[in-house]
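Asks: Give me the fold of what follows.
(2 chains, ligands or ions: 2)
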Amino acid sequence: MKKDIILAGVGGQGILSIAATIGTAALDAGMHLKQAEVHGMSQRGGEVQSHLRISEDEIASDLIPEGKADIIIAVEPMESLRYLSMLTHEGWLITNTTPFSNIPDYPDLDRIVEKIKSIQNHVAVDADAMAKAVKAPKSANIAVLGASAPHLGLEIGKLENAIRKIFATKGEVVVQQNIDAFRAGLKASREYKS
Amino acid sequence: MQKLLLLGDEAIAQAGIDAGMSGIYAYPGTPSTEITEYVQSSREAKEIGIRSNWSANEKTAMESALGMSYAGKRAMVCMKHVGLNVAADGFINASITGTNGGLLVVAADDPSMHSSQNEQDSRFYGKFSMIPILEPNNQQEAYDMVHYGFDLSEKMKVPVLLRITTRLAHSRSGVFPKQKKEQNGLKLPEDLRQFVLLPVIARKQYKRLLSHQPEFVRLSENSDFNKYFDGEDKSTGIIACGIAYNYLLENYEGKNIPYPVLKIGQYPSPLKDVERIYDECEQILILEDGYPILEELIKGLLNKGKRIRGRLDGSLPRDGELNPNLVGKALGRKFESRHAAPDFLRPRPPKLCKGCSHNDSFLALNEALSEYSRGRVFSDIGCYTLSALEPLEAINSCVDMGASITMAIGAAEAGLVPAIAAIGDSTFTHSGITGLLDAVNNNSPITVLILDNSTVGMTGGQKSSALGRIEQICKGIGVEEEHIKVLKPLPKQHDENVSVIKQELNYNGVSVIIPRRECIQTLNKRMRAKHKAKVADIR
Ligand SMILES: Cc1ncc(C[n+]2csc(CCOP(=O)(O)OP(=O)(O)O)c2C)c(N)n1
Ligand code: SF4
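Replies: Ligands and ions are numbered 1, 2, ... in the order given. Below you'll find the predicted structure:
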């Protein structure tokens, strides 16, 4: 099993927590992992992406080749489209639909959504609303992770354990909020009709 | 031993801890910052007494590490590539003095300038000072090279340079640690004049360095970090340096590469292997994630030999970071993607955080300057550099750390009066103080804004080295007390701040204005930590 994953969003939206969770679950499953993170200047309200590669075999490059990503997981709709050329032909595009509009010329959301829906394998969910509905307003990122879970090739239980591990230092309340957000995203994804 | 999941930076730090390093010296700089931060937050490092406080700049870091080496102990210095320019004097001369305890210099380069002013290649510095250079291709090699580098430094009595790039520094992967080593005891050099570079001694020391050169090549030829893989198809031979080797492997996805491949991780280049691949193959493709150093060397000035392909002949782009696709294209592969990003997407440039004190400082400065012609604000490197962009468009230069004050001096002397310098608190202590001394000695008509957000904001909020002592420093240098003004950069103080700045712009001498308000990010971090401590107390 091998999955090449692009994580996309805006600085501060928590894509590194998604990466850490998938990474922890993959290690737990005895897989190899490489994850190229973004640090420094690009974090201040700018676009951020991370390449996450998990595989049963050794992984050579820290970067995923163009057109080879199995999944794009995005916490923001416009950002979900920025790295589209990275996606393989049958790749999955999993994204939040709530925009993060911190620029004056943010494009028309309908056009963005239309483009997302034109991708054959996609899941577009309102992760912000889902997170709020389960009283975990800060966990939209983990709701998106939940929406991607059926396509990651990892056991759901292992992903939930990873969430517990990653958020353990923040206390039981935060752990439970993230589990709830994850399950909400997972449910929406399973019921999603494109 | 258990596999650890580490960033390249963290692998280097953990290796230092395991290899008996007694101290790490550094000034923050992306992508090197996490090396020192890892040691600072390591309980193990604390227990065994590894010193790890930030230095004022890369030069002071380099020299302090050399002092630790003089005393017989192992020391690491870390910096971003441009930091090596600042440390260069000490760095180059340390190869002449030689070392006593192991001395490892880690330089983190930034091809593609993800967060830098240029993409200079630190291997040039290593070559310039004629010392061995190590360049890992993955996190495990980075870890192993720290152990090897310290041993090599102690064996050959020279500093060793470890060169990494952003991609490796900030990518995470599994690393197997090695057996831990004890720190060295205090032990002075046998020759107490070794470090005295009077010409008569320096000449002798320089000859020693020169005489080591053939041995450095031999060590490279026998190094485990340099590997020759033969291949059937001799139409092309491939030399792949550091992380570029991974991009080559990626293109064959675990299958055999048909061409002979020389993987290089240690310099000076392994001459025998280079000669072999050149002799056996019809043409050579050179993959370097940085400047085309090896390519230029092998090609030579006249380029009369075999065809050498790489960044210089257009097989690869002349600038920017390599990746699997660029390497694949150089190998003649075609890539097709069914998907393409739509053209209506918009870029999201980085911005000052909401509520950042720099925003209020520059709004006030812009208004105070409205009666003058534009183009007179010399600035520096830090979060505040973002004020060059819309909507503030407040500054006209950002060159190297400290250059704001000194450029303002020169421009004022050319007749641009008033000239303004805008510099952050950490940049001021890094290399602004000496420039301010020049200004005082010249009585230059400049106004210096020291933007004091009480932290090193740009690199993630490290401790600023003159916290709470900026006015004292300015006074000590000789800035007149009545022309040192402290402001509170807040919207409600705006009018008052504008009038103070206007007043100082009119003064025909050196003024220092210090807008002081803590960085929002640092403040939030501090509040969260405080809250956590409180909760822990209650429990
Ligand atoms: C020689 C050199 N060392 C380090 C850096 C990395 N760097 C860029 S800005 C900066 C510090 C900025 O701190 P400060 O001046 O206090 O401004 P702030 O970001 O807090 O606004 C550092 C360390 C660099 N660009 N050049
Ligand atoms: S990190 Fe601090 S200094 Fe930098 S933009 Fe944000 S608030 Fe301003």
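Asks: Could you pull up the residues touching B:L365?
Replies: B:377, B:394, B:420, B:422, B:449, B:501 (C-beta atoms under 8 Å, 6 or more residues apart in numbering or on different chains). Where C-beta positions appear, they are placed from N, C-alpha and C, glycine not excepted.
Asks: cool, B:T459 as well?
Replies: Residues counted as contacts of B:T459 (C-beta under 8 Å, 6+ apart) are A:40, B:28-30, B:33.
Asks: what do you get if the cut-off is 6 Å, keeping everything else the same?
Replies: By C-beta atoms under 6 Å, 6 or more residues apart in numbering or on different chains, the residues touching B:T459 are B:28, B:33.
Asks: With A:Y83 instead?
Replies: Counted by C-beta under 6 Å, 6+ apart, A:Y83 has contacts A:6, A:8, A:49.
Asks: secondary structure element for the residue in chain A sticking out farthest from the centre?
Replies: Distance from the C-alpha centroid of chain A peaks at A:P104, with 25.5 Å (C-alpha atoms, centre = their mean). Following DSSP states H and E, there is no helix or strand that holds A:P104.
Asks: Could you check how far it is from B:R374?
Replies: To B:R374, A:P104 is 23 Å away according to C-beta to C-beta, to the nearest Å.
Asks: Also A:A74?
Replies: For A:A74 relative to B:R374 (C-beta to C-beta), the value is 40 Å.
Asks: Looks to me like B:F216 is in a helix.
Replies: Yes. Judged by DSSP: H, G, I helix; E, B strand; the rest coil, B:F216 forms part of a helix.
Asks: okay, now it: neighbour count?
Replies: Neighbour count of B:F216, defined by other C-beta atoms under 10 Å in any protein chain shown: 20.
Asks: Pull the contacting residues for it.
Replies: Shown in contact with B:F216 (C-beta under 6 Å, 6+ apart): B:132, B:268.
Asks: and it, how far is that from ligand 1?
Replies: 28 Å (C-beta to the nearest ligand atom, to the nearest Å).
Asks: what do you get for A:T98?
Replies: Distance from A:T98 to ligand 1, counting by C-beta to the nearest ligand atom: 30 Å.
Asks: so how far is A:N141 from that residue?
Replies: 11 Å.
Asks: between the two, which one's more packed in?
Replies: A:N141 (25 against 18).
Asks: thinking that one is in contact with A:L16, fair?
Replies: No. Taking contacts as C-beta atoms under 6 Å, A:N141 lies outside contact range of A:L16: 9.2 Å.
Asks: And the contacts of stretch B:396-414?
Replies: Applying C-beta under 6 Å, 6+ apart, the external contacts of stretch B:396-414 come out as B:375, B:377-381, B:385, B:419, B:421, B:423, B:427, B:430-432, B:435-436, B:438-439, B:444-446, B:448.
Asks: so where is chain A shaky, pLDDT-wise?
Replies: Within chain A, the segments meeting pLDDT under 70 span A:40-44.
Asks: Now do the helices in chain A.
Replies: A:15-28, A:77-82, A:109-117, A:127-133, A:140-148, A:156-167, A:172-190 (DSSP state H).
Asks: what does the stretch 351-500 of chain B give?
Replies: Using DSSP state H, counting those that start in this stretch, the helices of the stretch 351-500 of chain B run over B:357-368, B:403-413, B:425-431, B:433-442, B:470-477, B:494-505.
Asks: Which of these sits closest to ligand 2?
Replies: Among those, the nearest to ligand 2 by C-beta to the nearest ligand atom is helix B:357-368 (5.4 Å).
Asks: Does the closest one reach ligand 2?
Replies: Yes. Applying C-beta under 6 Å from any ligand atom, one finds helix B:357-368 touching ligand 2 at B:H358.
Asks: roughly how far is that helix from the heart of the chain?
Replies: Chain-centre distance of helix B:357-368: 30 Å, with C-alpha atoms, centre = their mean, to the nearest Å.
Asks: And stretch B:170-186, by the same measure?
Replies: 22 Å.
Asks: Give me the distance between B:I286 and B:P260.
Replies: With distances taken as C-beta to C-beta, B:I286 is found 13 Å from B:P260.
Asks: Neighbour count: the two, which is higher?
Replies: B:I286 (29 against 22).
Asks: Dump the helices of the stretch 351-500 of chain B to TSV, plus distance to B:G305.
Replies: Shown next, in TSV, are those (distance: least, C-beta to C-beta, whole Å):
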stretch	distance to B:G305
helix B:357-368	54
helix B:403-413	42
helix B:425-431	44
helix B:433-442	48
helix B:470-477	57
helix B:494-505	62
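Asks: Which one of those helices lies nearest to B:K178?
Replies: B:K178 lies closest to helix B:425-431 among the helices of the stretch 351-500 of chain B, at 35.0 Å (C-beta to C-beta).
Asks: The closest one - what's its average pLDDT?
Replies: Summarised as a single mean, pLDDT over helix B:425-431 is 98.
Asks: And for stretch B:348-358?
Replies: 91.
Asks: check contacts around residue 52.
Replies: Going with chain A. Residues in contact with A:L52 (C-beta under 6 Å, 6+ apart) are A:5, A:19, A:35.
Asks: I was thinking of chain B, sorry if that wasn't clear
Replies: So B:S52 contacts B:24, B:39-40 (C-beta under 6 Å, 6+ apart).
Asks: Give me the subset of those residues lying in helices.
Replies: Among these, the members falling in helices (DSSP H) are B:39-40.
Asks: Other residues contacting stretch A:110-119?
Replies: When contacts are defined by C-beta under 6 Å, 6+ apart, stretch A:110-119 is touched by residues A:77-78, A:81, A:93, A:122, A:124, B:342, B:344.
Asks: go again using 8 Å as the cut-off
Replies: Taking C-beta under 8 Å, 6+ apart as the rule, stretch A:110-119 contacts A:77-78, A:80-81, A:84, A:87, A:93, A:95, A:97, A:99, A:122, A:124, A:194, B:339, B:342, B:344.
Asks: Could you give the separation of that stretch from the chain centroid?
Replies: 18 Å.
Asks: Over to stretch B:487-505?
Replies: 35 Å.
Asks: for the record, mean pLDDT for that stretch?
Replies: Confidence over stretch B:487-505 (mean pLDDT, whole number) is 98.
Asks: And ligand 1, is that stretch touching that?
Replies: No. Stretch B:487-505 lies apart from ligand 1 when judged by C-beta under 6 Å from any ligand atom; the minimum separation is 11.9 Å.
Asks: Could you tell me which residues within that stretch count as buried?
Replies: When burial is assessed from 16 or more other C-beta atoms under 10 Å in any protein chain shown, stretch B:487-505 yields the following buried residues: B:487, B:489, B:493, B:497-498, B:500-501, B:504-505.
Asks: And stretch B:266-278, by the same measure?
Replies: Residues of stretch B:266-278 classed as buried: B:266-270, B:273-274, B:276-278 (neighbour count, 16+ other C-beta under 10 Å).
Asks: The residues you listed in strands, which ones?
Replies: For the buried residues of stretch B:266-278, the ones inside strands are B:266-267, with DSSP state E as the criterion.
Asks: wait, which of the buried residues of stretch B:266-278 is closest to A:L145?
Replies: Nearest member of the buried residues of stretch B:266-278 to A:L145, counting by C-beta to C-beta, is B:Q266, at 41.1 Å.
Asks: what's near enough to touch B:F428?
Replies: B:436, B:450, B:466, B:470.
Asks: at 7 Å what do you get?
Replies: B:450, B:470 (C-beta atoms under 7 Å, 6 or more residues apart in numbering or on different chains).
Asks: just to revisit the earlier point, name the stretch among the helices of the stretch 351-500 of chain B that sits most buried.
Replies: Most buried of those, by mean neighbour count (mean count of other C-beta atoms under 10 Å in any protein chain shown): helix B:425-431, with a mean of 27.
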